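1. quick one, what's the 3D model for this:
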Amino acid sequence: MATYEELAAAILDEMAVAVLRRIGPEAYVMAGKPPDFYDEFFPPSESGHCLTPWKHTEDLESFFCEAEDFFKHGSLGSHLRPPWSVTSVSGKPLPIAVRAMNVLEQQIIIFHALGPEYPVKRCILERTRRNLLEQRRLHKDLREYKKRSRTDFLTGLHNKAVFNEILHDCIHWARLNSTPLSLIFFDIDGFKAVNDIYGHLAGDVVLAEIGRLFRSQVRISDFPCRYGGEEFAVITPETDKCQAMQLAEKLRENIAGLKFKNLPGVTVSAGVSGYIPCEDADSFMDRADKALYEAKRKGKNRVCVK
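-> Numbering: from 1, shown residues only. From the prediction side, this is the model:
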């Protein structure tokens, strides 16, 4: 019956793997019987198999310096050397991979012959990797484009198309679960005068700052949107119109308190509507819109409910 060492040597030989076991600083012994490729590329000495293969190539010399550091200090370093072609005395090239490892409290260097077909396989794998990275980049770009198409670039809020989708989904959820739902429309008071007097860039600053305020001050369950121009909307699921009015008042007050450099402050008017069971989206929005215009008629900078 073969001994454990003989069995291990047979396995290593069958796999075309040679193993050097470290017994001290730059001191190694051969573990098992090395395969033919090892003796062909690292000629044995009179005392046996080559135990200093790094002396035969500059690449290995650099690798063993890093491996020694890895073993001494546990530093990850470059403990795996990418494959390269080693040439034998007879001029035969062979791709070889070298790895430094800690296995069962033993420090070992593994030499693995990759076979003459390896360069072709590596080219295929490298090409496949490049294709996968390109696909990943394209998918990332596509996700970004989709996100941009659904987000108002100036305010960072959902755009009108997304507002319509969310509103219909929220109405469906409210009907299905018999839960309250409210809608708030906001409109900046006298915004045309801001653009006419201070310019459209100044108007953009106002819109962006109000968008930032909406993003930071609505609840995580709410959906703030830029409905168009100087008009904003907030969809508030599982919220009755009294609660929605409180939220609208808080936002109105905070917008009135915004400070702009070289610009006067602005105010908003708001209209709130609570969803009525079996009501369609148009009717729901129409009541919020009428409440908004009522706030405008009553002097602006206020909240009305329908």
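2. starting at the chain centroid, how far to stretch 53-64?
-> Centroid displacement of stretch 53-64 relative to its chain, using Cα atoms, centre = their mean, to the nearest Å, is 40 Å.
3. quick one: mean pLDDT for whichever strand or helix holds V234?
-> Element membership for V234 (DSSP states H and E) is strand 231-237. Averaged across strand 231-237, pLDDT comes to 96.
4. what's the pLDDT at G115?
-> On the pLDDT scale, G115 is placed at 64.
5. and the gap between P264 and D204?
-> The spacing between P264 and D204, counted by Cβ to Cβ, to the nearest Å, is 16 Å. All C-beta atoms are positioned from the backbone trio N, CA, C, and that covers glycine.
6. whoops, F70 was the one
-> Distance from F70 to D204, counting by Cβ to Cβ: 56 Å.
7. more neighbours: which of those two?
-> More neighbours surround F70 than the other of F70 and D204, with 19 against 13 (other Cβ atoms under 10 Å).
8. gap between that one and F37?
-> 24 Å.
9. repeat for M30
-> Counting by Cβ to Cβ, the gap from M30 to F37 is 14 Å.
10. between those two, what contacts are shared?
-> Common contacts of M30 and F37 (Cβ atoms under 8 Å, 6 or more residues apart in numbering): A18.
11. hang on, A202 in a helix?
-> Yes. According to DSSP: H, G, I helix; E, B strand; the rest coil, A202 belongs to a helix.
12. pLDDT at it, what is it?
-> 91.
13. name the nearest residue to it, sequence neighbours excluded.
-> Spatially, and ignoring its direct neighbours in sequence, A202 is nearest to L263 (5.7 Å; Cβ to Cβ, 6 or more residues apart in numbering).
14. what of F186?
-> If the residues on either side of it in the chain are set aside, F186 comes closest to F232, at 4.3 Å by Cβ to Cβ, 6+ apart.
15. where does the stretch 151-300 of the chain have low pLDDT?
-> Counting by pLDDT under 70, the stretch 151-300 of the chain shows no low-confidence range.
16. typed the wrong thing, it's the stretch 1-150 of the chain
-> 1-16, 58-59, 74-94, 115-126, 141-142, 144-148.
17. now do the helices in it.
-> Counting by DSSP state H, counting those that start in this stretch, the stretch 1-150 of the chain has these helices, from start to end: 4-14, 36-41, 58-73, 118-149.
18. and the helix or strand just after the longest one, C-alpha only, in PDB?
-> To tie it back to what came earlier, the one meant is helix 118-149. Once helix 118-149 ends, the next helix or strand along the chain (criterion: DSSP H and E) is helix 160-177. What follows is helix 160-177, C-alpha atoms only, in PDB (Å, rounded to 0.1, in the frame of the first residue of the first chain):
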ATOM      1  CA  LYS A 160     -44.300  64.600 -14.400                       C
ATOM      2  CA  ALA A 161     -44.300  61.300 -16.200                       C
ATOM      3  CA  VAL A 162     -43.200  59.500 -13.000                       C
ATOM      4  CA  PHE A 163     -45.800  61.500 -11.000                       C
ATOM      5  CA  ASN A 164     -48.600  60.100 -13.200                       C
ATOM      6  CA  GLU A 165     -47.300  56.500 -12.700                       C
ATOM      7  CA  ILE A 166     -47.000  56.900  -9.000                       C
ATOM      8  CA  LEU A 167     -50.400  58.500  -8.500                       C
ATOM      9  CA  HIS A 168     -52.200  55.700 -10.400                       C
ATOM     10  CA  ASP A 169     -50.300  53.100  -8.300                       C
ATOM     11  CA  CYS A 170     -51.100  54.900  -5.100                       C
ATOM     12  CA  ILE A 171     -54.800  55.200  -6.000                       C
ATOM     13  CA  HIS A 172     -54.900  51.400  -6.800                       C
ATOM     14  CA  TRP A 173     -53.200  50.700  -3.400                       C
ATOM     15  CA  ALA A 174     -55.700  53.000  -1.500                       C
ATOM     16  CA  ARG A 175     -58.700  51.300  -3.200                       C
ATOM     17  CA  LEU A 176     -57.300  47.800  -2.500                       C
ATOM     18  CA  ASN A 177     -56.500  48.400   1.100                       C
END
